[in-house]
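Enquirer: The following comprises the amino acid sequence and a computationally predicted model.
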Amino acid sequence: MSITRQKGIDQDPAKKGALQRLADDPVSRRKFVAVTGSGSALTLFLAACGGDDDESTNTSGESTTSTTEETSTAADTSGTEMFGKGDLGIVNYALTLEYLEAAFYVDVAKSGLFKGAELTLLKQFGANEEAHVGALEQTANSLGKAAPQPKTEFPLDDAKSVAMLAATVENVGAAAYLGQAALIESEEVLAAALSIHTVEARHAAVLNMLVGDPITPDGAFAVPMSAEEVLPAVSDFIVS
């Protein structure tokens, strides 16, 4: 996913998402860092989304700008329009994914497949997802109306396959937040999404270790997933 400006052409500020505005405006950037408490987190989001046209100074003291053309996402559709317009659609999309994750961990805890420390860990992850649900419901209702909770069903055949499914779910969840980052208009919503994305990624890393997968399966930089990629991947778990 990338945010684009062609060399010598400024993108219309009204069409920029919050992420691009933060990249362009030092004042907004400082406010965002104050909210999230992390400047490095913003840097990582900009790197992962390709939203940083670097302006540098060469040895002769002249300012140079990258000539790389990128694709503008702030003007693109998010793929979440079925959940609402603009940020409401993105928040309800994220909320739907969190409904799935929270329900998944409830079912896993009841399955009897895990004991001891593993069960405690999975319950902790579930509590995190429930907190995400509550926060996103509140945000969605402030923007319009929260999406309804779908009925879900998950394959819970054995501990190994369930652990692998948990890792998949968390990796997809983290990638889904990253996939919407450059399209979010509100800096407050972006800050909330970033804070949840970080937790999803930590869950994914732990579960990757549990099932023997690489902690960072995509290497040094996470790969975002669009709504068009995410929704089919989770549709099998939605009964109605």
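Expert: Nice, I can see it.

Enquirer: drop to CA atoms for contacts and neighbour counts, all remaining ones
Expert: Fine.

Enquirer: Give me the pLDDT value at Leu194.
Expert: What the model reports as pLDDT for Leu194 is 94.

Enquirer: Can you point out the helix or strand that includes it?
Expert: Assigned by DSSP states H and E, Leu194 falls within helix 187-211.

Enquirer: and that helix, which residues are buried?
Expert: Of all the residues in helix 187-211, those buried under the rule 16 or more other C-alpha atoms under 10 Å are 187, 189-194, 196-197, 199-208, 210-211.

Enquirer: Show the residue spans covered by the strands in this protein.
Expert: For the chain, the strands identified by DSSP state E occupy 55-57, 63-65, in order along the chain.

Enquirer: Now do the helices in the protein.
Expert: Using DSSP state H, the helices assigned to the chain run over residues 18-24, 26-36, 39-49, 86-111, 116-143, 159-180, 187-211, 227-234.

Enquirer: Can you spell out which helices and strands pack onto the last one?
Expert: The criterion is 3 or more C-alpha pairs under 8 Å, 6 or more residues apart in numbering; DSSP states H and E, and the helices and strands that helix 227-234 contacts are helix 159-180.

Enquirer: and the helix it packs on, C-alpha only, in CSV?
Expert: Presented in CSV, the C-alpha positions along helix 159-180 are these (Å, rounded to 0.1, in the frame of the first residue of the first chain):
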residue,chain,number,x,y,z
ALA,A,159,-5.1,-27.9,19.8
LYS,A,160,-2.5,-27.8,17.0
SER,A,161,-4.9,-26.7,14.2
VAL,A,162,-6.6,-24.2,16.6
ALA,A,163,-3.2,-22.7,17.5
MET,A,164,-2.4,-22.3,13.8
LEU,A,165,-5.8,-20.7,13.2
ALA,A,166,-5.2,-18.3,16.0
ALA,A,167,-1.9,-17.3,14.5
THR,A,168,-3.5,-16.8,11.1
VAL,A,169,-6.4,-14.7,12.6
GLU,A,170,-4.0,-12.4,14.4
ASN,A,171,-1.6,-12.0,11.5
VAL,A,172,-4.6,-11.1,9.2
GLY,A,173,-5.9,-8.7,11.9
ALA,A,174,-2.6,-6.9,12.1
ALA,A,175,-2.3,-6.7,8.3
ALA,A,176,-5.9,-5.5,8.0
TYR,A,177,-5.3,-2.4,10.3
LEU,A,178,-2.1,-1.6,8.3
GLY,A,179,-4.1,-1.9,5.1
GLN,A,180,-6.5,0.9,6.1
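
Enquirer: packing partners for that helix?
Expert: helix 39-49, helix 86-111, helix 187-211, helix 227-234.

Enquirer: could the helices of the chain go into TSV alongside distance to Thr80?
Expert: What follows is the helices of the chain, written out as TSV (distance: least, C-alpha to C-alpha, whole Å):
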stretch	distance to Thr80
helix 18-24	17
helix 26-36	24
helix 39-49	18
helix 86-111	5
helix 116-143	13
helix 159-180	9
helix 187-211	15
helix 227-234	6
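
Enquirer: Quick check: which of the ones you listed is nearest to Phe221?
Expert: Put simply, out of those the one that sits nearest Phe221 is helix 39-49, at 6.1 Å, with distance taken as C-alpha to C-alpha.

Enquirer: And the average pLDDT for that closest one is what?
Expert: For helix 39-49, the mean per-residue pLDDT is 46.

Enquirer: just to revisit the earlier point, save the helices and strands packed on helix 159-180 as a markdown table, and put in distance to Ala159 too.
Expert: Conversion of the helices and strands packed on helix 159-180 to a markdown table gives the following (distance: least, C-alpha to C-alpha, whole Å):
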| stretch | distance to Ala159 |
| --- | --- |
| helix 39-49 | 33 |
| helix 86-111 | 9 |
| helix 187-211 | 10 |
| helix 227-234 | 20 |
